[in-house]
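Asks: missing the sequence, but the structure's below:
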C-alpha cells in the first residue's frame, strides 16, 4: 500500500478528491532547480517531458534579491511548464504528514506533497527532500542515463 493511498484512507475525508488531474506530468521542479535554470543551467529532460511547478515557487523566486513577480511568472512560462499547481487543502494536509515523517521546512513539504499528489518525480537538490523516504526524487541536473528517456 502506497503512502499516499494510506493517507487518503486515513486523513482525507471521503468526499475530498486527493489527486488533482495529473495528466501526463512526470516531474515537479523544486525552486532550487528553477533558480539554477534561471542562471543558465540546462534541465537535460526530453523536450516533451511534462513539468509542473508549485505556485509556492513563485513566492520563493519572486524575491527582491532574485527577480520580480512578473519576471518570475514570465520565466516559469518560458520553461514550457505544463501546470502551475496551487496549494490546495490536500497539498497542505499531505505536507503536514510529510513533515511528521521527516523534518522538512513548510514550503519544501508543500512542494514535495505537490509531487506526491501528482504521482510525479520531484527534481531537487535539497538534500532533506532527497533523503525523504516517501518522495520520489531526482537530483539536478538530471543524470545522463535519463537524458532522452521518459521514465
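Replies: Done, it's in. Note that the coordinates shown come from a computational prediction; the quantities given were computed from them, not determined experimentally. Numbers count the residues shown, from 1 in each chain.

Asks: for the spatially most central residue of the chain, which non-adjacent residue is spatially closest?
Replies: Most central in the chain under Cα atoms, centre = their mean is residue 28, positioned 3.5 Å from the mean C-alpha point. Of all residues not flanking residue 28 in the chain, residue 115 sits nearest, at 4.0 Å (Cβ to Cβ, 6 or more residues apart in numbering). C-beta coordinates here come from the backbone N, C-alpha and C atoms, glycine included.

Asks: follow-up on the earlier one: now do the phi/psi pair for the residue nearest to the centre of the chain.
Replies: When read as degrees, to the nearest 10, the backbone of residue 28 gives phi -120, psi 130.

Asks: give me the pLDDT value at it.
Replies: Per-residue pLDDT puts residue 28 at 97.

Asks: for it, give me its contacts.
Replies: Counting by Cβ atoms under 8 Å, 6 or more residues apart in numbering, residue 28 makes contact with 51-54, 85, 111, 114-115, 118, 120-123.

Asks: which of these fall in helices?
Replies: 111, 114-115 (DSSP state H).

Asks: of those residues, which is the nearest to residue 60?
Replies: Residue 60 has its nearest neighbour among these in residue 111, at 8.9 Å by Cβ to Cβ.

Asks: follow-up on the earlier one: the residue nearest to residue 28 against residue 132, yeah?
Replies: No. Taking contacts as Cβ atoms under 8 Å, residue 115 lies outside contact range of residue 132: 10.3 Å.

Asks: could you check which of the two has the larger neighbour count?
Replies: More crowded of residue 115 and residue 132, by other Cβ atoms under 10 Å: residue 115, with 26 against 23.

Asks: residues contacting the more buried one?
Replies: Counted by Cβ under 8 Å, 6+ apart, residue 115 has contacts 28, 121-122, 135-136.

Asks: quick one: residue 63 and residue 144, what's the gap?
Replies: 32 Å (Cβ to Cβ, to the nearest Å).

Asks: kindly report the same for residue 53.
Replies: Counting by Cβ to Cβ, the separation of residue 53 from residue 144 is 24 Å.

Asks: same thing with residue 133?
Replies: As for residue 133, its distance to residue 144 is 26 Å (criterion: Cβ to Cβ).

Asks: and for residue 130?
Replies: With Cβ to Cβ as the criterion, residue 130 and residue 144 are 18 Å apart.
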